[in-house]
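here is my input; please provide its structure:
(one chain, ligands or ions: 1)
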Amino acid sequence: MKISVFGLGYVGAVSVGCLSDDGHTVIGVDPNNTKVDMLNRGQSPIVEDAIGSLLKAGRQEGRISATDNAQLAVDRSDISLVCVGTPSRSNGSLDLKYVEAVCTEIGTAIKDKPARHNIVMRSTMLPGSMRETVIPVLEAVSGKSAGRDFSISNNPEFLREGTAVFDYRNPPKTVIGEIQPGDADMLASIYAHLDAPMIRTSIETAEMVKYVDNVWHALKVGFANEIGNIAKQLGIDGQEVMEIFCKDEKLNLSSYYLRPGFAFGGSCLPKDLRALTYKAARMDIDVPILNSILPSNVGQIERVLDTIQRSGARKIGVLGFSFKSGTDDLRESPVVELIERLMGKGFELLIYDQYVNVAKLIGANRDYILNAIPHISRIMVDDVAAITDNSELIVIGNGSAEFADILEKVTATQQVLDLVGVAKPAQAVANYNGVGW
Ligand SMILES: NC(=O)c1ccc[n+]([C@@H]2O[C@H](COP(=O)([O-])OP(=O)(O)OC[C@H]3O[C@@H](n4cnc5c(N)ncnc54)[C@H](O)[C@@H]3O)[C@@H](O)[C@H]2O)c1
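Down below sits the predicted model:
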């Protein structure tokens with residue numbers, strides 16, 4: 001394939017070397033003439049393991065060239081990969097000036113090109129950048145229509161500097177965002193030989209995924225450092241602690257707990273978080289990440305409360321209110337907190353949970369219901385129908401399978417607010433609302 005690569009920085013130079021190594025003919029484009037000259041001499045414009053030999057070989061074998069002329073590069077290629085920088089402004093906002101400039105150049109270049117050109121944005125850009133900046137600039141300058149006259153897609157890069165060539169060939173995943181299914185088939189074929197999941201999704205989701213990855217990596221570093229600081233002060237080897245932590249691939253290093261939804265609760269997480277952050281404070285150890293977790297959790301309850309208040313409904317039915325389906329434990333259940341707040345604001349409430357039945361409860365949970373939250377037991381009903389028959393808004397509070405078909409049991413005027421995603425429909429439904437989806 002004939003490929004042009006715009007931007008000869010880390011991402012662009014690695015792309016040029018690896019694509020050429022895969023047998024493609026690659027033309028690099030950059031306004032920086034030093035970088036263009038270096039590539040044309042078979043030298044690497046970046047310092048990075050393994051890239052020098054790839055660029056040298058590609059140049060010697062005639063598959064690599066470089067230019068500062070965007071028109072020439074577009075004319076001589078079927079597909080353009082855009083890898084220009086997307087720096088921060090001094091206030092932290094994203095600066096798209098290089099993206100706008102390159103889109104103006106590519107838009108001008110495709111104006112009179114008869115063939116349908118393929119444009120791929122590899123630069124990291126916030127969700128909405130493609131739809132609000134990239135596509136409008138390309139369409140305005142070229143006079144052509146995205147999707148019809150040229151293909152446009154978003155393909156975030158996940159390489160790490162220092163191991164960039166290895167990462168390019170062994171990506172954790174390939175993500176392609178497209179405005180219509182199949183639009184990025186040519187791009188997908190470039191990666192077909194890679195042994196990695198290929199995910200094709202909307203351009204906004206692809207844009208978002210890249211930020212989520214980097215923010216998560218930053219959070220991991222900060223979390224491990226705070227744990228290490230507490231451990232050291234306690235005379236414990238923090239690295240050993242985190243090595244043991246990382247051996248747990250069921251709950252710690254896994255997808256578990258990483259699904260957007262409602263607040264956490266239960267008898268352990270809030271209590272143990274409070275104990276550890278209190279201990280850190282007593283030792284004068286600053287743990288801003290750990291200290292922010294409980295406020296973040298409270299904020300999630302406030303957010304749902306706000307959503308319910310804005311719904312206009314006054315009769316609320318809650319399906320599932322133990323902190324987890326399949327348990328009768330109500331201690332620190334965030335759904336109970338939500339119910340109490342709604343009762344305090346004068347909403348009419350009915351609640352149902354097959355696992356929480358006062359008559360059958362024994363021990364601590366019975367005492368807790370009868371003594372700590374007796375007002376809750378008074379609004380409990382025995383089946384889902386009692387909720388669907390009497391509620392304007394139904395809140396799904398835990399992931400019990402019996403709530404999965406709730407949309408089939410409500411009328412179009414009854415609203416469903418799903419805090420867990422158990423009733424998420426395949427297509428958007430007007431009376432269904434999720435918390436983070
Ligand atoms: N560096 C990384 O490890 C990494 C990893 C993944 C994603 N990214 C993202 O990829 C993008 C590029 O990052 P980078 O580190 O390669 O950037 P970089 O700053 O190293 O290189 C950007 C290059 O784009 C060139 N450029 C500017 N305007 C241009 C134009 N109109 N036409 C052609 N070239 C132009 C610049 O001269 C420069 O050589 C950024 O959005 C970055 O966030 C970077």
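
which ones are touching the residue nearest to Ile179 when sequence neighbours are not counted?
The spatial neighbour of Ile179 that comes closest, neighbours along the chain excluded (Cβ to Cβ, 6 or more residues apart in numbering), is Gly147 at 5.2 Å. C-beta: built from backbone N, CA, C; applies to glycine. By Cβ atoms under 8 Å, 6 or more residues apart in numbering, Gly147 lies in contact with 179-180, 183.

and of the residues you listed, the nearest to the ligand?
Closest to the ligand out of the contacts of Gly147 is Ile179 (20.0 Å), distances taken as Cβ to the nearest ligand atom.

just the buried ones from the contacts of Gly147, in ChimeraX syntax?
The ChimeraX command for the buried members of those (criterion: 16 or more other Cβ atoms under 10 Å) is given here:
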select :179,183
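
would JSON lines of the contacts of Gly147 with secondary structure be doable?
As requested, the contacts of Gly147 are exported to JSON lines (DSSP: H, G, I helix; E, B strand; the rest coil):
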{"residue": "Ile179", "secondary structure": "coil"}
{"residue": "Gln180", "secondary structure": "coil"}
{"residue": "Asp183", "secondary structure": "coil"}
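
what parts of the stretch 151-300 of the chain come near the ligand?
157, 159, 161 (Cβ under 6 Å from any ligand atom).

buried among these? Need that as a selection in ChimeraX.
Buried residues among these (16+ other Cβ under 10 Å), as a ChimeraX selection:
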select :157,159
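
report the separation between the residue of the chain at minimum distance from the ligand and Glu157.
At 1.8 Å from the ligand, Gly9 is the closest residue in the chain, using Cβ to the nearest ligand atom. Using Cβ to Cβ, to the nearest Å, Gly9 is found at 11 Å from Glu157.

state the mean pLDDT of the helix or strand hosting Ser20.
Under the criterion of DSSP states H and E, Ser20 resides in helix 10-21. Averaging pLDDT along helix 10-21 yields 97.

mind checking how far that helix is from the chain centre?
Distance, stretch centre to chain centre, for helix 10-21: 26 Å (Cα atoms, centre = their mean, to the nearest Å).

I'd like to know which elements the helix or strand following it is packed against.
Once helix 10-21 ends, the next helix or strand along the chain (criterion: DSSP H and E) is strand 25-29. Helices and strands touching strand 25-29, by 3 or more Cβ pairs under 8 Å, 6 or more residues apart in numbering; DSSP states H and E, are strand 2-6, helix 10-21, helix 33-40, strand 64-67, helix 70-75.

would you convert the ones you listed into TSV that also reports distance to Leu330?
Formatted as TSV, the helices and strands packed on strand 25-29 follow (distance: least, Cβ to Cβ, whole Å):
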stretch	distance to Leu330
strand 2-6	58
helix 10-21	51
helix 33-40	63
strand 64-67	65
helix 70-75	63
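
OK, contacts around Asn357?
Residues near Asn357 by Cβ under 8 Å, 6+ apart: 380, 382.

likewise Tyr211?
Contact partners of Tyr211, counting by Cβ under 8 Å, 6+ apart, are 124, 126-127.

contacts only, for the residue of the chain closest to the ligand.
Counting by Cβ under 8 Å, 6+ apart, Gly9 has contacts 45-46, 83-85.

could you redo the last one with a cut-off of 10 Å?
30, 32, 35, 45-46, 83-85, 123 (Cβ atoms under 10 Å, 6 or more residues apart in numbering).

list just the nearest of the contacts of Gly147 to Asp95.
Ranked by distance to Asp95 (Cβ to Cβ), these are led by Ile179 at 24.1 Å.

would you agree that closest one is in contact with Met130?
Yes - under the criterion of Cβ atoms under 10 Å, Ile179 is in contact with Met130, at a separation of 8.1 Å.

name the residues contacting each of these two.
In contact with both Ile179 and Met130: 146, 152-154, 202-204, using Cβ under 10 Å, 6+ apart.

got those as JSON lines, with secondary structure columns?
Shown next, in JSON lines, are the shared contacts of Ile179 and Met130 (three-state DSSP):
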{"residue": "Ala146", "secondary structure": "strand"}
{"residue": "Ile152", "secondary structure": "strand"}
{"residue": "Ser153", "secondary structure": "strand"}
{"residue": "Asn154", "secondary structure": "strand"}
{"residue": "Ser202", "secondary structure": "coil"}
{"residue": "Ile203", "secondary structure": "helix"}
{"residue": "Glu204", "secondary structure": "helix"}
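
now rank those residues by neighbours and give me the top one.
Asn154 (31 neighbours; other Cβ atoms under 10 Å).

any buried residues in the lowest-mean-pLDDT helix or strand in the chain, and which?
Here the helix or strand of the chain ranked lowest by mean pLDDT, DSSP states H and E is helix 363-367, holding a mean of 74. Going by neighbour count (16+ other Cβ under 10 Å), the buried part of helix 363-367 is Asn365.

quick check: what element follows that helix along the chain?
Moving toward the C-terminus from helix 363-367, the next helix or strand (DSSP H and E) is helix 374-377.

tell me what that next one is packed against?
helix 334-344, strand 348-352 (3 or more Cβ pairs under 10 Å, 6 or more residues apart in numbering; DSSP states H and E).

any idea how many residues pack against Ser311?
Ser311 has 15 neighbours, counted by other Cβ under 10 Å.

so what's the nearest residue to it once chain neighbours are set aside up against?
Distances taken as Cβ to Cβ, 6+ apart put Leu393 closest to Ser311, at 5.3 Å, once the chain neighbours are dropped. Contacts for Leu393 (Cβ under 10 Å, 6+ apart) come out as 307-308, 311-318, 347, 410, 414-417, 431, 433.

repeat that for 8 Å
308, 311, 313, 315-317, 414-417 are the contacts of Leu393 under Cβ under 8 Å, 6+ apart.

ok, back up a step: write the ChimeraX selection for whichever of the contacts of Gly9 are buried.
In ChimeraX, this line selects whichever of those come out buried by 16+ other Cβ under 10 Å:
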select :30,35,45,46,83,84,123
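
restrict the contacts of Gly9 to contacts with the ligand.
Among the contacts of Gly9, the ligand is touched by 30, 32, 35, 83-85, 123 when using Cβ under 6 Å from any ligand atom.
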